[in-house]
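predicted model follows, preceded by the sequence.
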Amino acid sequence: MENITTEKQKTVLSLIQPTGTPTLGNYLGALKNWATMAQEYDCIFGAADLHSLTVRTEPALLRKRTLELYALLLALDLDPEKNIVFVQSHVPAHSQLAWILNCYTQFGEAARMTQFKDKSQKNADNINVGLFDYPVLMAADILIYQSDYVPVGIDQKQHLELARDIATRFNSVYGSVFTVPEPFIGKRGASIKSLQEPEKKMSKSDTNAKAFILLTDTPDVITKKIKSAVTDSEAKVYYSPDKPGVSNLMDIYNACTGLSNEQIEAEFDGKGYGDFKAAVAEAVIEELRPLQEKFDRIVKEKTYLEQTAADGAERAARRANRTLGKVMKKVGLWKF
Ligand code: TYM
């Protein structure tokens, strides 16, 4: 982080899907970094509701989740006056640019995306074109704001690389139209694993609710889920690829407290997993407490949420339309 916090006014963009309540993985891998970057940069953050359409969701539920996610983003203290906090579908230019970028993306490139392959397996009865095209819409989200940095978890790295490839290709044909974005992936917390199967990433779509911690989970629930996290039979706290469960809890503890592996190992030297898990649970509860308190308050303020989202959409659209206009002209669309 040090080397980039010294630069001012770079543009930072990231979005999160309203597919359910975000998990501790979303928070430690992405949202926590958004909150830090919001202090220093020109930031644009949003709810990627168009991306969520790739999986069938009951309309009223999608609307509710989008509103709640928007409230959660505001609860992160992203400062919606200095930064832009918006909902993707409120800015039509994203979809317009996505169509144009489709024509500059090779079928083979999109077909290589591992998330497409995973999601196709999970949604075998609905492998729609949107699911395939999803990374191109994501590239449009990023490139339309001339973003310099994109704070994401490791699972989005391949999509970021595709966005960079599309930008570079487009620029090589039309001159420098897009800023080529850099991913910003935190040193720890970028890949939080399932509490039950620590070889897999923590995901809110996991069928086992004990596998993830939701940002709205109560302290009691958080404690129970961490207590039941899978570890091993060695009863010794240290970081190792042979100890994925314990290493994952150490990643969580590190991301919440800032303590290094050595400090954590020293703290629990001679103690069992019971003490360790209790400390991890406490750290998570304390980390989430201010966010949860603010969320509970803001989510009820519907007028404030609507006004802030309308303002965010207007300011986002103004910036997005600038890039879209330039792109339309470059590719030869009739514009006057
Ligand atoms: P989404 O909604 O799946 O996740 C939001 C963010 O959370 C990160 N993340 C994790 N980080 C660490 N450990 C985990 N277990 C974990 N699970 C999720 C993700 O990497 C992501 O940063 N396609 C994106 C949303 C998107 C987007 C964009 C992101 C749409 N347009 C433009 C950046 C820029 C997605 O589905 O993220």
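Done, it's in. Numbering: from 1, shown residues only.

C-alpha only now, for contacts and for neighbours.
Will do.

tell me if I am right that Val85 is in a strand.
Yes - assessed by DSSP: H, G, I helix; E, B strand; the rest coil, Val85 belongs to a strand.

give me the nearest residue to it, chain neighbours excluded.
Phe45 (4.9 Å; C-alpha to C-alpha, 6 or more residues apart in numbering).

my assumption is that the one you found lies in a strand; please confirm.
Yes - counting by three-state DSSP, Phe45 is part of a strand.

for the stretch 1-150 of the chain, which segments are assigned as strands?
Remark: strands assigned in the stretch 1-150 of the chain by DSSP state E, counting those that start in this stretch are 11-16, 42-47, 84-87, 149-151.

outside of the shortest one itself, list whatever touches it.
Contacts of strand 149-151 from elsewhere in the structure, counted by C-alpha atoms under 8 Å, 6 or more residues apart in numbering, are 10-14, 30, 33-34, 142, 181-186.

please apply the same query to stretch 251-260.
Here stretch 251-260 has contacts from 28, 188-189, 192, 261, 264, 280, 283-284, 287, using C-alpha under 8 Å, 6+ apart.

the ligand contacts on the stretch 201-336 of the chain?
For the stretch 201-336 of the chain, the residues in contact with the ligand (C-alpha under 6 Å from any ligand atom) are 201-203.

buried among the residues you listed? Make that a PyMOL selection.
Buried residues among these (16 or more other C-alpha atoms under 10 Å), as a PyMOL selection:
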select buried, resi 201+202+203
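
with pLDDT added, can I get the residues of the stretch 201-336 of the chain next to the ligand in TSV?
Shown next, in TSV, are these (pLDDT from 0 to 100):
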residue	pLDDT
Lys201	95
Met202	97
Ser203	94
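
can you put the residues of the stretch 201-336 of the chain next to the ligand in JSON lines and add secondary structure?
Output for these, formatted as JSON lines (three-state DSSP):
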{"residue": "Lys201", "secondary structure": "strand"}
{"residue": "Met202", "secondary structure": "coil"}
{"residue": "Ser203", "secondary structure": "coil"}
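
now name the helix or strand holding the residue lying closest to Tyr238 once chain neighbours are set aside.
Leaving aside its chain neighbours, Tyr238 sits nearest to Glu265 (5.6 Å; criterion: C-alpha to C-alpha, 6+ apart). Assigned by DSSP states H and E, Glu265 belongs to helix 261-267.

Thr168 now?
In this assignment (DSSP H and E), Thr168 forms part of helix 157-174.

so which bits of that helix are buried?
Residues of helix 157-174 classed as buried by neighbour count (16+ other C-alpha under 10 Å): 157-168, 170.

close to the ligand: what parts of the stretch 1-150 of the chain are there?
So far as C-alpha under 6 Å from any ligand atom goes, the stretch 1-150 of the chain lies against the ligand at 14-17, 25-26, 29-30, 48, 138, 141-142.

if you rank those by neighbours, which is first?
Greatest neighbour count in these, by other C-alpha atoms under 10 Å, goes to Ile142: 29 neighbours.

my guess is it contacts Leu13. True?
Yes - contact status for Ile142 versus Leu13: in contact at 6.5 Å, counting by C-alpha atoms under 8 Å.

sorry, back to before: what pLDDT is listed against the residue nearest to Val85?
Phe45 is assigned 98 on the pLDDT scale.

as a markdown table, the residues of the stretch 201-336 of the chain next to the ligand with distance to Glu109 would be great.
Converted to a markdown table, those look like this (distance: C-alpha to C-alpha, whole Å):
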| residue | distance to Glu109 |
| --- | --- |
| Lys201 | 24 |
| Met202 | 26 |
| Ser203 | 25 |
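
quick one: which of the contacts of stretch 251-260 is nearest Glu293?
Distance to Glu293 across the contacts of stretch 251-260 (C-alpha to C-alpha) is lowest for Glu287, with 11.4 Å.

please identify which helix or strand holds the closest residue to the closest one other than its chain neighbours.
Leaving aside its chain neighbours, Glu287 sits nearest to Cys256 (6.2 Å; criterion: C-alpha to C-alpha, 6+ apart). According to DSSP H and E, Cys256 maps onto helix 244-257.

so for that helix, what gets flagged as buried?
Neighbour counts over helix 244-257 (16+ other C-alpha under 10 Å) mark 244-256 as buried.
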